[in-house]
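sequence first, then the predicted structure:
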Amino acid sequence: MKTNAGQPLAFATAKELDNKVEEFFESDEAFIINFKDEVEERIFAPTMAGLALYLGVDRRTVVNYSNKEEYFPTIRKARARIESHLEKKLYGNNVTGLIFNLKNNFNWKDKTEVEQTNVDLTHEQWLDTLE
């Protein structure tokens, strides 16, 4: 299978991509490894860049796959999993993250925005507005 530009796709089938994406979420690439009291601690921390690295492509290629109908469900699901994880990380002591989430996902605002337009009035019209 080839793209419009004539370059072969990194994954010939959607199933092949789906399997590799699932492998990513179980791989070390989706985790941060910390050592606490000389004990290895694996912290789940998937990223889009990490996914791309694991797939052997750049991040833009992952986005491009989402534009192909047969690959779209796999990429959409992977992005949703990463987004869900990141959103969960906003909770806890990260009040700034919560505010960001509420503003961007639930249309919360810090202030009311008022649109002001200037109208050119004649001197007589302006005097009429004062009465």
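Okay, I see it. Numbers count the residues shown, from 1 in each chain.

OK, contacts around the residue nearest the centre of the chain?
Nearest to the geometric centre of the chain sits E83, at 5.7 Å (C-alpha atoms, centre = their mean). For E83, the contact set (C-beta atoms under 8 Å, 6 or more residues apart in numbering) is empty. The way it works is simple: take the backbone N, C-alpha and C, and place the C-beta from them, glycine included.

tell me the pLDDT at it?
Listed pLDDT for E83 reads 85.

ok, the one 10 residues further on next?
As summarised for this prediction, N93 has a pLDDT of 72.

host element of the closest residue to A78 other than its chain neighbours?
Once flanking residues are discounted, A78 sits nearest to V21: 4.9 Å by C-beta to C-beta, 6 or more residues apart in numbering. Assessed by DSSP states H and E, V21 sits inside helix 14-26.

give me the phi and psi for E40.
When read as degrees, to the nearest 10, the backbone of E40 gives phi -70, psi 130.

could you check the angle the lengthiest helix in the chain makes with helix 14-26?
Ranked by number of residues, the top helix in the chain under DSSP state H is helix 72-88. Relative orientation of helix 72-88 and helix 14-26, computed by axes from the mean of the first three to the mean of the last three C-alpha atoms, to 10 degrees: 20 degrees.

which parts of helix 72-88 are buried?
For helix 72-88, the neighbour count (16 or more other C-beta atoms under 10 Å) marks 74-75, 78, 81-82 as buried.

quick revisit: please name the residues that touch the residue nearest to A78.
Per C-beta under 8 Å, 6+ apart, neighbours of V21: 51, 55, 74-75, 77-78.

low-confidence stretches in this structure?
Low-confidence segments of the chain (pLDDT under 70): 1-6, 94, 105-106, 113, 118-119, 126, 131.

in it, which spans are strands?
Assigned by DSSP state E, the chain shows strands spanning 31-36, 39-44.

figure out which of the ones you listed is closest to E115.
strand 39-44 (44.0 Å; C-beta to C-beta).

which residues are contacting the closest one?
With C-beta under 8 Å, 6+ apart as the test, strand 39-44 has contacts from 28, 30-35, 85.
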